[in-house]
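> let's see this in three dimensions:
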Amino acid sequence: MHVADPGRRDAPVPAADAGVTFVMPVLNERAYLRRAVETVLAQDVLGPVELVLALGPSSDGTNDVARALATEDDRIVLVDNPAADIPVGLNLAIRAGSYPTIVRVDAHSELSPEYTRRALETLARVRAANVGGVMRADGRTPFQRAVARAYNSPIGLGGGAYHGGTKEGPAESAYLGVMRRSVLEEVGYFDESVRRGEDWELNLRIRRAGYRVWFDPALSVVYWPRESWTRLVRQFRATGAWRGELVRRYGRRNSLRFFAPPALVGSLAASAVVGVLQATRAVTGVVSAALSVVYVPVAAYAVLVGAVAAGRGGGSGWRDKLWTLAVLPTMHLAWGTGFLGGLASGAHDTVDTSRLDGRNTPLP
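Next comes the predicted model:
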């Protein structure tokens with residue numbers, strides 16, 4: 001169904017005590033899973049709850065931890081996700097659940113006790129199909145704190161509402177999301193052909209079906225980013241490739257902010273070419289001076305990165321600040337390079353391999 005006025009349809013509101021199904025895809029999360037599960041099961045909500053863990057083929061003992069947790073609490077349900085794809089795991093978990101409201105959670109996230117209760121109140125108040133809040137990234141090491149600072153900065157990830165928005169209202173997408181099962185059934189669940197950006201694509205279909213997707217800044221989730229530089233590169237390259245694929249599929253429905261990282265890649269490439277031409281004196285005089293304009297956006301970008309690194313927020317130590325100088329360009333260039341590849345030829349079988357090796361070794 002295509003509508004010209006997203007938000008004109010009210011989502012159903014189940015009884016307050018009708019129950020909540022939490023769904024969590026899991027792969028190589030031994031260091032984070034128990035705490036994430038504890039914060040889910042501590043949610044202050046009326047009615048029954050269940051947590052469905054979709055277990056990928058972990059190699060670090062995560063599934064042993066999951067099975068132990070399930071024996072400790074009968075609200076935990078385990079389903080196998082041998083493909084390890086996030087949208088496949090989410091759909092398996094949703095279908096295995098019983099209750100009319102679905103709360104997506106992540107093994108790298110922690111919920112405050114009132115998170116779900118507040119989200120349910122907001123869903124009922126505005127009759128939305130999906131509501132999300134703010135991602136509050138945090139870190140345990142200088143590197144991880146630098147990544148968290150980048151996540152929490154508008155410069156880091158392009159200024160989406162869930163990276164620091166303060167105004168409640170309709171949204172393009174929702175971080176994680178608290179969703180009505182009936183709407184998910186109507187629009188066809190997560191698209192299993194989309195391996196990254198599956199939440200944005202789902203919310204596009206929800207909005208095209210006429211329902212509201214809502215942002216509530218009073219909701220916040222603690223998120224623990226990747227622990228190493230190589231993992232960060234792999235994550236952002238895959239995410240960028242799938243954003244390029246989504247642009248191929250949906251064109252102008254994508255926000256302009258998604259084009260900033262590939263524009264940076266283009267600016268750096270142009271600067272390198274001009275630099276070589278000037279160094280070899282292939283261009284001189286007026287032509288060389290005119291071409292030097294390509295350095296302006298690169299210089300402006302360098303100033304912005306330096307300002308974020310030197311500013312407040314996240315860790316204040318010199319190692320945190322130095323890592324921030326490395327992390328921001330890493331995120332942007334990996335994402336932008338992946339985007340250009342995905343835009344040119346599609347994402348194909350690109351996957352996020354940053355959690356496939358089962359190692360959780362933070363940088364010092």
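
> give me the buried stretch members for stretch 116-124, please.
Burial within stretch 116-124, assessed by neighbour count using 16 or more other CB atoms under 10 Å, is assigned to 116-120, 122-123. For glycine as for every other residue, the C-beta is placed from the backbone atoms N, C-alpha and C.

> now the element after the biggest strand by length in the chain, going C-ward?
If you go by DSSP state E, the chain has its longest strand at strand 213-223. Later in the chain than strand 213-223, the nearest helix or strand by DSSP states H and E is helix 229-250.

> hang on, the earlier thing: report all helices and strands that the longest strand of the chain contacts.
strand 109-111, helix 115-126, strand 130-137, strand 169-170, helix 198-208 (3 or more CB pairs under 8 Å, 6 or more residues apart in numbering; DSSP states H and E).

> touching, residue 47 and residue 14? I think so.
No. Residue 47 lies out of contact with residue 14 (CB atoms under 8 Å); the separation is 9.2 Å.

> which one of these two is surrounded by more residues?
Comparing residue 47 with residue 14 by other CB atoms under 10 Å, the one with more neighbours is residue 14, at 19 against 15.

> and the contacts of the helix or strand bottoming out on mean pLDDT in the chain?
Taking mean pLDDT, DSSP states H and E as the measure, the chain has helix 154-157 as its least confident helix or strand, at a mean of 75. Helix 154-157 has contacts (CB atoms under 8 Å, 6 or more residues apart in numbering) with 149-151, 163-164, 304-305, 308, 328, 331.

> distance to residue 188, neighbour count and secondary structure for those residues - can I get that in TSV?
Formatted as TSV, these follow (distance: CB to CB, whole Å; neighbours: other CB atoms under 10 Å; DSSP: H, G, I helix; E, B strand; the rest coil):
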residue	distance to residue 188	neighbour count	secondary structure
149	37	28	helix
150	34	27	helix
151	30	21	helix
163	28	19	helix
164	31	17	coil
304	40	13	helix
305	41	20	helix
308	39	23	helix
328	37	23	helix
331	32	23	helix
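
> farthest pair within the residues you listed?
164 and 305 (17.5 Å; CB to CB).

> can you pull out the strands in the chain?
Using DSSP E, strands in the chain cover 20-26, 49-55, 76-80, 101-104, 109-111, 130-137, 169-170, 178-180, 213-223.

> which among the ones you listed is found nearest to residue 353?
strand 20-26 (15.2 Å).

> direction included, what does that closest one pair up with?
strand 49-55 (parallel), strand 101-104 (parallel) (DSSP bridges).

> let's have the strands of the chain in JSON lines, adding mean neighbour count.
JSON lines is the format used below for the strands of the chain (neighbours: other CB atoms under 10 Å):
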{"stretch": "strand 20-26", "mean neighbour count": "26"}
{"stretch": "strand 49-55", "mean neighbour count": "24"}
{"stretch": "strand 76-80", "mean neighbour count": "17"}
{"stretch": "strand 101-104", "mean neighbour count": "24"}
{"stretch": "strand 109-111", "mean neighbour count": "22"}
{"stretch": "strand 130-137", "mean neighbour count": "25"}
{"stretch": "strand 169-170", "mean neighbour count": "13"}
{"stretch": "strand 178-180", "mean neighbour count": "27"}
{"stretch": "strand 213-223", "mean neighbour count": "21"}
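
> would you turn those strands into JSON lines with mean pLDDT and distance to residue 39?
As requested, the strands of the chain are exported to JSON lines (pLDDT from 0 to 100; distance: least, CB to CB, whole Å):
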{"stretch": "strand 20-26", "mean pLDDT": "97", "distance to residue 39": "10"}
{"stretch": "strand 49-55", "mean pLDDT": "97", "distance to residue 39": "11"}
{"stretch": "strand 76-80", "mean pLDDT": "98", "distance to residue 39": "13"}
{"stretch": "strand 101-104", "mean pLDDT": "98", "distance to residue 39": "12"}
{"stretch": "strand 109-111", "mean pLDDT": "93", "distance to residue 39": "5"}
{"stretch": "strand 130-137", "mean pLDDT": "94", "distance to residue 39": "13"}
{"stretch": "strand 169-170", "mean pLDDT": "94", "distance to residue 39": "27"}
{"stretch": "strand 178-180", "mean pLDDT": "98", "distance to residue 39": "15"}
{"stretch": "strand 213-223", "mean pLDDT": "94", "distance to residue 39": "8"}
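
> many thanks, I have nothing further to ask.
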